[in-house]
Every structure is written in structure tokens, then in C-alpha cells.
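S.K.: what's the 3D shape of this:
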Amino acid sequence: MDKFQADDIRRWQELVAAASRVALVSHTHPDGDALGCSTALAVWLQETAGKEVACLLPDTPSETLRFMLEPAVRYLCHDTDPQAAEDWIRGADLIVLQDCNAFSRTEGLASPLEASSAPKVLIDHHLNPDRASFRLVFSTPEISSASELLYWLLVRVSGSAQNLPGACAKALLTGMTTDTNNFANSVFPSTFQMASELVAAGVDRDAVVQQIFNNYRENRVRAMGYMQSENLRLLPGGGACMVLTKEIQERFGIREGETEGLVNVPLTIGQVRLSILLKEEDGLFRVSIRSKRGTSAQELARSFFHGGGHENAAGGKVLIGPDIPSPEAAPAYVESILKDYLQ
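M.R.: All right, here's what the predicted structure looks like:
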């Protein structure tokens with residue numbers, strides 16, 4: 001893949017060359033793609049360009065993804081040390097936002113980021129990027145992940161996957177693998193090419209898959225089984241819905257990140273074309289939506305759940321109070337929406 005303009009590559013190289021202290025930022029509740037591209041770019045900037053770098057995360061990563069954190073990389077989490085994260089932004093002379101389309105998705109970091117006078121770069125694969133806030137934008141939704149987009153940018157600058165630092169290459173493959181659910185969705189020819197080149201460069205894909213998918217606690221397996229056997233609702237028109245209440249989370253001792261992948265399971269049923277998982281938090285339900293080709297998860301999220309995303313993988317929220325009177329009303333609320341949407 002080579003969708004980069006020569007002028008943009010030149011501007012990227014000039015911005016990197018002029019910077020000494022770089023802030024790498026991603027979205028709230030960082031997922032594997034956010035951590036993958038952040039870690040990869042941090043390693044690359046440190047090892048190949050000699051820059052002082054910090055990855056600024058709005059929230060502490062879930063325990064299931066902390067294996068992605070590189071010991072040589074500085075991570076500053078705004079939820080645990082807001083002063084350190086905001087001080088880094090104030091001292092940065094280059095800011096790079098990855099895996100989200102606007103500073104608003106960084107929550108507590110948004111104000112200091114917007115106030116900074118440092119040059120700002122966006123590297124993202126979501127729709128509707130806030131181009132006006134950035135000096136340079138690398139953005140295309142026709143790609144698997146932010147990690148893949150960053151891979152092609154770094155290969156364009158470095159020459160080949162063989163020239164990437166080992167920890168950078170591993171983080172890129174890990175980030176892409178999480179966002180595609182191990183090549184199950186949002187996969188393009190360039191995605192397979194990226195994986196092939198990184199494996200040829202020495203990344204141990206078997207070890208990556210083992211860490212992502214085969215390293216959960218027993219609690220998670222039992223909770224997944226319960227949700228599928230006792231909680232799954234199949235709805236007319238090809239819809240499926242599961243509601244992970246606080247009570248269920250407490251019963252099984254579920255930790256942040258341990259329900260990753262659950263929303264995809266109902267799509268293995270032939271007649272299901274759209275699956276929704278609601279996860280209860282304080283004052284709201286987080287909504288994950290996955291769909292088969294021909295049914296838009298993105299449109300559903302945007303129209304009914306204060307969210308957005310990709311055509312077949314999107315998310316949003318249901319607000320307790322504005323949207324529903326109580327947590328108990330969530331299943332009926334979703335069912336009423338899907339009844340019309342899936343007609």
C-alpha cells in the first residue's frame with residue numbers, strides 16, 4: 001500500500017527532525033490498536049530518531065493488554081497522574097494523535113492538547129477526522145487499523161520492515177491483530193501483506209496470538225459461557241443482544257478488558273446479522289456493535305447510541321436518565337431500536 005503523498009512524507013520527516021520532545025496520544029479506554037501504534041511509534045522515535053517520547057493515555061490500560069507495554073517506553077496515564085501527563089504536553093514540541101479522529105476522544109487530555117501551540121499530526125483510520133486541528137493528517141478508513149496505517153508510514157520512511165526496531169515491529173503486528181480480531185474483520189490485501197512482511201522480518205506471530213487470545217483468567221471463560229447460555233437474546237430480523245450488568249460483572253469478578261470479543265460470538269449464528277453488547281458502568285451502558293456485511297453497525301451507533309466507528313464495528317453508549325429511566329430498561333430499549341432498524 002502506498003497512499004501517501006510525497007509532500008506529506010517530507011513534512012512528516014521535517015516535523016520529526018525538528019522535534020526533541022514528543023507526546024504520543026490515543027483515545028480513552030485504550031485498546032490493543034491504540035497501545036500498538038503508540039508503543040510502536042515511541043520505540044521508532046527513540047531508537048531511530050533519538051527523540052524524548054512519552055505515550056499519554058487517558059486511562060490505565062486493562063490488565064489483559066498490559067503485556068503490550070514496553071519497558072523502554074514512558075507511559076503517562078492521566079487517570080492516575082494527570083499532572084505528569086499535562087506537564088509533558090506543555091513541554092512537547094510535537095504532538096501525534098493516533099487511533100482516534102479528534103482530541104475530544106482523549107477526554108481529560110483534550111483541553112491541554114488543544115491549548116498547545118506545538119505542531120500536531122493525526123494518524124488514524126476512522127471517518128470524519130478533525131483536519132482543522134492538525135498541521136498534518138494521515139487518514140484513511142480503507143485500512144484495518146491505526147497500527148497498519150502507521151506501519152506503511154514507517155516503512156515508507158525506513159525502507160522496509162527489516163529496518164524497523166524489533167519492539168516496534170512486534171507492537172505493530174499486535175495492534176493490527178487485535179483490531180482485526182485475528183483477521184476476522186476489517187481486513188484488506190494490504191493487511192495480509194503487512195503481516196507477511198513483519199513475520200519475515202522476525203516477529204513471532206504465534207507468540208503474539210498466544211498473548212492476545214490464550215492468556216485469560218478462568219473467570220472470563222465462565223462469564224463468557226454464562227452470557228451466551230443465559231443472557232443472549234435473539235431478536236426478529238437477525239439481531240442479537242447481550243447485557244452485561246454490574247451484578248454479572250461482580251458475580252464473575254470481571255475486570256476491564258476481559259469481555260473483549262464477546263460481542264462477536266453471536267455473529268457465528270447463521271441468521272444473526274447484527275450483535276450488540278451492553279456493559280453497565282456508572283450512569284451509562286457502554287455499547288459495542290458488530291455486524292455482517294450489508295448491515296451497518298456504524299449507522300446504528302451514530303443514529304441511536306451517541307457513537308460511531310466503522311461500517312461493521314462500532315460503539316457508543318446508552319445514558320441512564322436521558323435515554324432510559326433505569327438500568328433494567330436497557331434490554332427493552334435496545335430491542336425497540338433494533339425492531340425498526342433491522343426491518
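
S.K.: SS state for Leu153?
M.R.: At Leu153, secondary structure determined by DSSP: H, G, I helix; E, B strand; the rest coil is helix.

S.K.: okay but it is in contact with Phe4, surely?
M.R.: Yes: between Leu153 and Phe4 there is a contact at 6.6 Å, judged by Cβ atoms under 8 Å. Where you see a C-beta, it was placed from the backbone N, CA and C, and this is true even at glycine.

S.K.: shared neighbours, those two?
M.R.: Both Leu153 and Phe4 are in contact with Phe138, where contact means Cβ atoms under 8 Å, 6 or more residues apart in numbering.

S.K.: which element is Gly202 on?
M.R.: Using DSSP states H and E, Gly202 sits within no helix or strand.

S.K.: and the gap between it and Ala184?
M.R.: For Gly202, the distance to Ala184 equals 25 Å [Cβ to Cβ, to the nearest Å].

S.K.: same question for Leu76.
M.R.: Taking Cβ to Cβ, one finds Leu76 at 33 Å from Ala184.

S.K.: if you count surrounding residues, which of those two has more?
M.R.: Neighbour tally, Leu76 and Ala184, criterion other Cβ atoms under 10 Å: the higher count belongs to Leu76, 20 against 11.

S.K.: pretty sure that one sits against Val53.
M.R.: No: using Cβ under 8 Å, Leu76 is not in contact with Val53; the gap is 10.8 Å.

S.K.: I'd guess Ala301 is in a strand, am I close?
M.R.: No: counting by three-state DSSP, Ala301 falls outside a strand, being helix.

S.K.: quick one: residues contacting it.
M.R.: Applying Cβ under 8 Å, 6+ apart to Ala301 gives the contacts 287, 289, 307-309, 314-316.

S.K.: go on, Pro141?
M.R.: Contacts for Pro141 (Cβ under 8 Å, 6+ apart) come out as 125-127, 310.

S.K.: can you check the pLDDT for it?
M.R.: At Pro141, the model reports a pLDDT of 92.

S.K.: so it versus Gln13, what's the distance?
M.R.: Counting by Cβ to Cβ, the gap from Pro141 to Gln13 is 25 Å.

S.K.: kindly report the same for Val272.
M.R.: In terms of Cβ to Cβ, Val272 sits 47 Å off from Gln13.

S.K.: between the contacts of Pro141, which is nearest Glu230?
M.R.: Nearest to Glu230, judged by Cβ to Cβ, of the contacts of Pro141 is His310 at 29.8 Å.

S.K.: so what's the residue count around the closest one?
M.R.: For His310, using other Cβ under 10 Å, the count is 22.

S.K.: what of Asn181?
M.R.: Residues near Asn181, counting by other Cβ under 10 Å: 18.

S.K.: can you check Glu328 too?
M.R.: Around Glu328 there are 10 residues (other Cβ under 10 Å).

S.K.: mind checking which of Val272 and Gln13 has more residues around it?
M.R.: A side-by-side neighbour count of Val272 and Gln13, using other Cβ under 10 Å, places Val272 first with 21 against 13.

S.K.: isn't Ala18 right up against Ala118?
M.R.: No: under the criterion of Cβ under 8 Å, Ala18 makes no contact with Ala118, lying 10.5 Å away.

S.K.: who's more crowded, those two?
M.R.: Ala118 (19 against 10).

S.K.: now the end-to-end length of stretch 247-266.
M.R.: Terminal residues of stretch 247-266 lie 22 Å apart, using Cα to Cα, to the nearest Å.

S.K.: of all the residues in it, which ones are buried?
M.R.: Within stretch 247-266, the residues scored as buried using 16 or more other Cβ atoms under 10 Å are 248-249, 252, 254, 256-266.

S.K.: roughly how far is that stretch from the heart of the chain?
M.R.: 17 Å (Cα atoms, centre = their mean, to the nearest Å).
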